[in-house]
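Asker: sharing a model prediction with you, sequence too.
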Amino acid sequence: MVDSPSAEFDSFVRHRSPALLRAAYLLTGDQHLAEDLVQSALARTHRSWRRLHDSGNAEAYTRKVMYHLQVAWWRRGKVAEVLPGELPERGRGGDHSGASALKLSLRAALLKLSDKQRAVLVLRFFEDRTEAEAAEVLGVSVGTVKSQTAKALARLRVIAPELSDLHVANGAAR
Amino acid sequence: MNAPMDNLRSGLADLADDVNPVDLRDRALRTSRRIGVRRTALTSALSLVLLGSVGVTAVAMTGGGGEVVEPGVTATTTVAPQSPSPVRATVTGDYYFMRQSGNTKLELTVLRESYPCGTPEPGVCQPATRTEQLRTITHPVDDACPWQSVTVSPDGRQVAWVVGADGLSGGGDLMIADTRGGTPQKRGSRVLCLGTGNVVWSPDSTRLYVGKFDNAGTVGTVDATSGKFSPMEREAWKEAQTLATGPFRGVLLDGRLTVTKADGTAPRSVPYVTEHGLDAVVLGVSHDGRYAAVSTEAGDPSRRLYVADVIDLTTGRPVGFGVGKVSAVWFQPDGSLVVRVNGDPGKVYRLDTDLRIVAEFTVDKAGNRTLFQAAFG
């Protein structure tokens, strides 16, 4: 039995939304903004569903749109950044509160990066994309990905030194 | 020992665990339908307005120097040295700028271009510019709807915008006010502010073409005085809305750019694929149907003012402009164009039908002001 395009799109949304939301959350730092971002990307995918389904490229397209939307929204400054006033003190030891503080610090630090810097970090170190793949998703050159990654890591060291062991060494390019 | 960056990887993965999974299927489908509504409303989306000057010849001017009467946006005018004409027609222009001030205000400014003939000597029309501060729109914190929708009426007296309503992401109340100040009047509710060209004035400045924020995709007109909403059949609405700004409309679909008359007839089509293979929209079509401006920022549900390419339908190729790579284009009824170029946001050029410079304005403080509408009359 062949599913209808509508059913196939429903299935795509059901199965891929959780992963898309995770990346969107890192890009936006907010549950609702992440939902809006994924929703907008999925809507674009739905508009082109027949073509994308035929090419088997739906998820790649959705992710590409998501990253482009995120960069565009932030560039226009239409999305308010909500930042905590002070980064929380990092807890000592490996207890649960320490881990939570670390996450808060990382979230706040990510939001202090530029849109492209945040995007390249998420692509490179969360989605585990190569520099070439990240460049393709963002529609920029590999050199831009390299430079933005280096700047992002350098900025993290400055704005969140308490996260030092999260970025203990320069990222090895793949 | 961890590999380099493994800690960052695990930190990001831990942070991503904080997001709660939600079912986005219905929301995505609703947004998709709204995008469809907006794309049916393809018009000269930069709100070009007709002031009864169709057929007026672009002027060639001599001399220069703009008059500045207000702080804020100031301008100087230079003119094309070529093709001075012994017969000088006067074409005035109004250029509307907006600037976001803080997160609750949108400031409007107009730069007026005119050619007072007989000064300084008989038979000579010297260009003059002056700027006026128009009203400031106050809106809820971080409400993007006013920026998305603000548009000035063809007679220059009224300005309309949508202010976001609680619970609506992409729609809200339609407001109309005098361009110079006064209390805004609510003239509609649940009006869409998504996309580009979402609020379009009728040429006589009495009505606005709008879409409603509902699942049915209702479209119609709003009486600017009474606020009465009159629903229309979609195709008739699309044609009327197009004709409010120009005789042609365009669409990008499946790798082809197609331009038709406002009623959808007489299609002309050329292959066109965006740079990264993402979707885009046609922002405007010239009044002879030859040129179509295609947007940048694929998939963006916000108002688009920037163009990726201007395509010549007779060749299927991007137009090369002598002034540089254009970032914004307004097609005028007389066949002339107003353009801005990449890398120089302070410059506004008027080009004639042969794409030669007729005049250029240097707009001070243009970096944080967005030119959203241009009108000749």
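Answerer: Cool, the structure landed.

Asker: could you use CA atoms for every contact and neighbour count after this?
Answerer: Will do.

Asker: check which helices and strands the helix or strand encompassing A:Ser11 sits against.
Answerer: Here A:Ser11, judged by DSSP states H and E, is contained in helix A:5-28. Helix A:5-28 sits against helix A:31-47, helix A:49-55, helix A:58-76, helix A:96-111, helix A:115-121, helix B:6-16, helix B:25-40, with contacts defined as 3 or more CA pairs under 8 Å, 6 or more residues apart in numbering or on different chains; DSSP states H and E.

Asker: quick one: average pLDDT of stretch B:346-357?
Answerer: Averaged across stretch B:346-357, pLDDT comes to 84.

Asker: now do the end-to-end distance for it.
Answerer: Here the two ends of stretch B:346-357 are set 16 Å apart, with distance taken as CA to CA, to the nearest Å.

Asker: quick one: distance of that stretch to the chain centre.
Answerer: How far stretch B:346-357 lies from its chain's middle: 17 Å, per CA atoms, centre = their mean, to the nearest Å.

Asker: just stretch B:174-186 next, same as before
Answerer: Put simply, stretch B:174-186 sits 20 Å off its chain's centre (CA atoms, centre = their mean).

Asker: residues in contact with that stretch?
Answerer: With CA atoms under 8 Å, 6 or more residues apart in numbering or on different chains as the test, stretch B:174-186 has contacts from B:133-136, B:152, B:156-163, B:173, B:187-191, B:224, B:227.

Asker: about what we covered before: for the helix holding A:Ser11, the distance to its chain's centre please.
Answerer: 14 Å.

Asker: report the angle between that helix and helix A:31-47.
Answerer: Interaxial angle, helix A:5-28 versus helix A:31-47 (axes from the mean of the first three to the mean of the last three CA atoms, to 10 degrees): 140 degrees.

Asker: would you map the strands across the stretch 51-200 of chain B?
Answerer: Using DSSP state E, counting those that start in this stretch, the strands found in the stretch 51-200 of chain B span residues B:75-79, B:93-101, B:105-114, B:128-138, B:151-152, B:158-164, B:171-178, B:181-192, B:200-201.

Asker: what's the first helix or strand after the last one?
Answerer: The one in question is strand B:200-201. With elements assigned by DSSP H and E, the helix or strand that comes after strand B:200-201 is strand B:207-211.

Asker: other SSEs contacting that following strand?
Answerer: Counting contacts by 3+ CA pairs under 8 Å, 6+ apart, strand B:207-211 packs against strand B:181-192, strand B:200-201, strand B:219-223.

Asker: export those to JSON lines and tack on mean pLDDT and mean neighbour count?
Answerer: Below are the helices and strands packed on strand B:207-211 laid out as JSON lines (pLDDT from 0 to 100; neighbours: other CA atoms under 10 Å in any protein chain shown):
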{"stretch": "strand B:181-192", "mean pLDDT": "92", "mean neighbour count": "19"}
{"stretch": "strand B:200-201", "mean pLDDT": "93", "mean neighbour count": "30"}
{"stretch": "strand B:219-223", "mean pLDDT": "95", "mean neighbour count": "22"}
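
Asker: can I get those in CSV with distance to B:Asp14?
Answerer: Below are the helices and strands packed on strand B:207-211 laid out as CSV (distance: least, CA to CA, whole Å):
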stretch, distance to B:Asp14
strand B:181-192, 38
strand B:200-201, 47
strand B:219-223, 46
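
Asker: for B:Gln332, find the nearest of these.
Answerer: Nearest to B:Gln332 among these is strand B:200-201; the distance by CA to CA comes to 16.0 Å.

Asker: so where's chain A uncertain?
Answerer: A:1-3, A:55, A:72-99, A:164-174 (pLDDT under 70).

Asker: cool, and the stretch 51-200 of chain B?
Answerer: B:51-91, B:117-127, B:167-169, B:195.

Asker: let's see it at 50
Answerer: Scanning the stretch 51-200 of chain B for pLDDT under 50 picks out B:51-89.

Asker: and it, which residues reach chain A?
Answerer: By CA under 8 Å from any CA of the partner chain, the residues of the stretch 51-200 of chain B that approach chain A are B:142, B:144.

Asker: can you tell me how far B:Arg256 is from B:Val294?
Answerer: Distance of B:Arg256 to B:Val294, computed by CA to CA: 12 Å.

Asker: look at these two and report which has more neighbours.
Answerer: Remark: of B:Arg256 and B:Val294, B:Val294 carries more neighbours, 27 against 15, as counted by other CA atoms under 10 Å in any protein chain shown.

Asker: re the thing from before, can you add distance to A:Ser17 and give the strands of the stretch 51-200 of chain B back as a markdown table?
Answerer: As requested, the strands of the stretch 51-200 of chain B are exported to a markdown table (distance: least, CA to CA, whole Å):
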| stretch | distance to A:Ser17 |
| --- | --- |
| strand B:75-79 | 50 |
| strand B:93-101 | 34 |
| strand B:105-114 | 36 |
| strand B:128-138 | 37 |
| strand B:151-152 | 37 |
| strand B:158-164 | 27 |
| strand B:171-178 | 25 |
| strand B:181-192 | 26 |
| strand B:200-201 | 36 |
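
Asker: return the most buried member of those.
Answerer: Compared across the strands of the stretch 51-200 of chain B, strand B:200-201 shows the largest average neighbour count, a mean of 30 (mean count of other CA atoms under 10 Å in any protein chain shown).
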